[in-house]
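*Asks:* I need the structure of the sequence given here:
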Amino acid sequence: MKTSVFETKSAPNPVGPYSQAVRRGNVLSVSGQVGLDPASGKPVAGGIAEQTQQVLDNLRNILESAGASFADVVTVRIYLTEASHFAGMNEVYAKFLSEPFPCRTTVFVGLPPGLLIEIDVLAVVG
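*Replies:* Numbering: from 1, shown residues only. Next up is the predicted model:
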């Protein structure tokens with residue numbers, strides 16, 4: 001089965017030995033994205049809403065580079081640094097994903113300083 005790698009300048013460059021997205025067959029996996037501005041490489045200013053917006057913008061840009069969209073996403077994994085950020089994240093998230101909603105897991109973790117959220121997705125494309 002062929003493996004294809006996708007990368008875009010419209011999302012932060014990988015900071016290690018991984019790809020932004022990899023497709024094998026009709027399965028597309030997108031690496032975790034954080035609230036970094038791709039132009040500056042720095043966390044976006046503001047709080048959880050602004051970082052969630054940036055994360056989802058980054059994911060959308062990577063999905064589009066691979067010929068996919070949020071409509072193709074079947075699984076979302078969300079990592080938050082604070083339980084109190086859940087409602088703010090959810091409000092922004094609902095602007096990007098719609099019914100039928102993908103499966104989702106949300107956990108609370110430690111992230112590098114200044115980063116409040118990380119999200120990765122799995123999509124199935126035609």
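*Asks:* isn't residue 19 right next to residue 28, touching?
*Replies:* No. Using CB atoms under 8 Å, residue 19 makes no contact with residue 28, being 11.1 Å away. All C-beta atoms are positioned from the backbone trio N, CA, C, and that covers glycine.
*Asks:* now for the two: what residues contact both?
*Replies:* Common neighbours of residue 19 and residue 28, counting by CB atoms under 8 Å, 6 or more residues apart in numbering, are residue 6.
*Asks:* what about those two, which has more around it?
*Replies:* residue 28 (24 against 16; other CB atoms under 10 Å).
*Asks:* doesn't residue 22 make contact with the more buried one?
*Replies:* Yes. Residue 28 is in contact with residue 22 according to CB under 8 Å; the separation is 7.4 Å.
*Asks:* joint contacts of those two?
*Replies:* What both residue 28 and residue 22 touch, as defined by CB under 8 Å, 6+ apart, is the set residue 6.
*Asks:* low-confidence ranges, the chain, go.
*Replies:* For the chain, not a single residue meets the criterion pLDDT under 70.
*Asks:* which residues in it form strands?
*Replies:* 3-6, 21-24, 27-34, 73-80, 103-108, 117-124 (DSSP state E).
*Asks:* tell me the helices and strands packed up against the fourth one.
*Replies:* Using 3 or more CB pairs under 8 Å, 6 or more residues apart in numbering; DSSP states H and E as the contact criterion, the secondary-structure elements in contact with strand 73-80 are helix 86-93, strand 103-108, strand 117-124.
*Asks:* repeat the analysis, applying 10 Å as the threshold.
*Replies:* When contacts are defined as 3 or more CB pairs under 10 Å, 6 or more residues apart in numbering; DSSP states H and E, strand 73-80 sits against strand 27-34, helix 48-65, helix 86-93, strand 103-108, strand 117-124.
*Asks:* again with the last one
*Replies:* In this structure, strand 117-124 makes packing contacts with strand 21-24, strand 27-34, helix 48-65, strand 73-80, helix 86-93, strand 103-108, judged by 3+ CB pairs under 10 Å, 6+ apart.
*Asks:* list the buried residues for the second one?
*Replies:* Taking 16 or more other CB atoms under 10 Å as the basis for neighbour counts, the residues of strand 27-34 that come out buried are 28, 30, 31, 32, 33, 34.
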